[in-house]
Each structure stands twice: as structure tokens, then as C-alpha cells.
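Undergrad: sequence plus predicted model, see below.
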Amino acid sequence: MWRQQEALLKAAVDLKIARRKAGLEGTDRSADPALDLPENHLFFVEHPHVLTLGKSGHEEHVVASPERLNELGVSYYPINRGGDITYHGPGQLVGYPILDLEQFFTDISKYMRCLEEAIIRTCGEYGVDAERIEGLTGVWVDADKGLGARKIAALGVKCSRWVTMHGFAFNLNTDLDFFDLIVPCGIGDRGVTSLARECGRSIDEAEVQAHMLRHLTDIFGWKLVRVD
């Protein structure tokens with residue numbers, strides 16, 4: 001998935017460079033199909049057990065030994081997104097938008113807030129009051145309770161020439177014990193949670209995907225073509 005994202009980002013960036021050389025800027029259309037606007041993509045995936053460390057992360061935030069990770073079948077990779085250490089695994093909805101933000105808005109902070117907003121709205125579909133915390137990325141439950149706040153979704157992105165990759169990880173039926181292997185996102189004084197834990201029941205993950213897709217479409221104004 002990482003290589004696929006990188007390939008799509010490179011193709012979009014190369015196309016944008018070619019468009020500029022041809023005198024096309026921003027959302028200018030072209031009569032030449034080879035110089036038309038870059039395509040935008042959204043992937044929903046579920047990973048096996050893996051830890052990923054962002055560019056600004058610290059290896060010491062992996063508190064489990066390599067032997068313990070191997071015993072649990074957990075892989076570990078430094079990657080090129082922003083942020084610190086996080087866990088991906090079964091029961092978690094991971095979303096990777098590869099977007100040319102020049103077709104929407106050129107504001108990476110606004111982009112992050114839009115991803116958070118889609119997750120907040122989706123939590124609301126289940127009666128879970130999720131919010132942001134000023135100065136921190138991600139989506140939180142009981143955000144106003146200080147150290148009692150619990151992160152339900154983490155975000156980390158890369159942006160090159162306004163083309164994004166990586167995205168968000170939304171805990172649905174996630175086994176939260178795996179977060180004990182790390183200091184999640186480098187934040188040691190707050191916990192993590194999942195939609196299942198907050199609702200007290202197992203969550204239909206396909207239903208959550210449908211809610212997320214609808215809210216992302218509303219927020220960004222997408223026109224969708226589904227590719228399986």
C-alpha cells in the first residue's frame with residue numbers, strides 16, 4: 001500500500017510539473033488528455049499488526065523490545081509521514097486520500113481539520129461525542145476532560161507540491177492492548193479508545209466506511225467513481 005501511494009503521488013506530481021511547463025496553472029483544464037488535472041484517490045484499508053514511526057517521531061516511544069514485537073507478530077517501519085509512532089491493525093479503519101489539494105484548497109492545516117471533521121461526524125452517527133483538542137492532531141472522546149481524554153483516531157500525512165498521501169487511522173473494533181507497546185503519537189499522558197469500546201458493542205466496519213465516505217464526500221465536494 002505504501003508503494004502504491006508513492007507511485008500515485010509521484011504520478012500526480014510529475015503531471016503537475018508537466019502542466020506548469022506547458023503553461024497550465026492550478027485547475028486550468030487542458031485540451032490534451034495527457035495534461036489534464038491529476039486524479040484524486042481514496043483508499044480504505046485494514047492492516048495486519050504494524051507500528052509506523054513518522055518523520056518527527058522518536059524511536060524510544062516504542063517501549064516494547066524487538067523480541068516482544070516479534071513474539072506478537074508486530075512489524076515496525078519508519079515512514080515518511082508527519083507525526084510520531086502509531087499502531088495499525090485488525091479492527092481499525094485506515095484511510096489514505098491521495099489528493100491534489102490545488103483542486104480544493106492549498107491549506108494543509110485545513111485539510112487535516114477536514115479529515116478530523118469526517119471522523120467526528122461519523123462518531124456522532126453512533127452517539128459518540130468526539131472533538132478536537134487544541135494543539136493536538138487527531139480526534140478525541142471526552143476532549144474537555146484533560147488527562148481523561150481518549151484518542152479514537154490518529155492522523156499523519158505527507159504533502160508534496162500540494163499532493164497528499166498517508167491519512168488517518170480510526171479505531172473501530174481495535175484491540176487496544178497493542179497500544180501498550182508504544183507511547184501513542186508520542187503523547188504519554190492520555191489514553192486511546194475505540195468506537196466499539198465507547199458504544200459497548202462490536203461495530204459494523206462496512207457501515208462505518210459508508211458513513212466516512214459520505215461525510216468526506218460532503219466536506220470535500222467529491223464526485224466518486226468506485227474502483228474495487
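TA: Happy to help now that I have it.
Undergrad: quick one: residues in contact with stretch 193-213.
TA: Under the contact criterion C-beta atoms under 8 Å, 6 or more residues apart in numbering, stretch 193-213 has outside partners 42, 44, 46, 91, 93, 95, 118-119, 121-123, 125-128, 141, 150-152, 170-174, 176, 224. (C-beta placed from N, C-alpha, C; glycine too.)
Undergrad: repeat that with 6 Å
TA: Contact with stretch 193-213 is made by 44, 93, 118, 122, 125-126, 128, 141, 150, 152, 171-174, as judged by C-beta atoms under 6 Å, 6 or more residues apart in numbering.
Undergrad: so what's residue 171 up against?
TA: 92, 152, 194.
Undergrad: OK, contacts around the second one?
TA: Listed by C-beta under 6 Å, 6+ apart, the contact partners of residue 152 are 130, 139, 141, 171, 193.
Undergrad: can you tell me which helix in this structure is longest?
TA: Determined from DSSP state H, the single longest helix within the chain is helix 2-21.
Undergrad: and the next helix or strand past that one?
TA: Using DSSP states H and E, the helix or strand that follows helix 2-21 in sequence is strand 41-45.
Undergrad: direction included, what does that following strand pair up with?
TA: With DSSP bridges as the test, strand 41-45 is paired with strand 92-98 (antiparallel).
Undergrad: tell me the mean pLDDT over the partner strand?
TA: Regarding strand 92-98, the rounded mean pLDDT is 98.
Undergrad: kindly report the same for stretch 60-75.
TA: Averaging pLDDT along stretch 60-75 gives 94.
Undergrad: name whatever forms a beta bridge with the nearest residue to residue 182 once chain neighbours are set aside.
TA: Residue nearest to residue 182 in three dimensions, not counting chain neighbours: residue 85, with 4.8 Å by C-beta to C-beta, 6 or more residues apart in numbering. Listed beta-bridge partners, residue 85: residue 53 (assigned using DSSP bridges).
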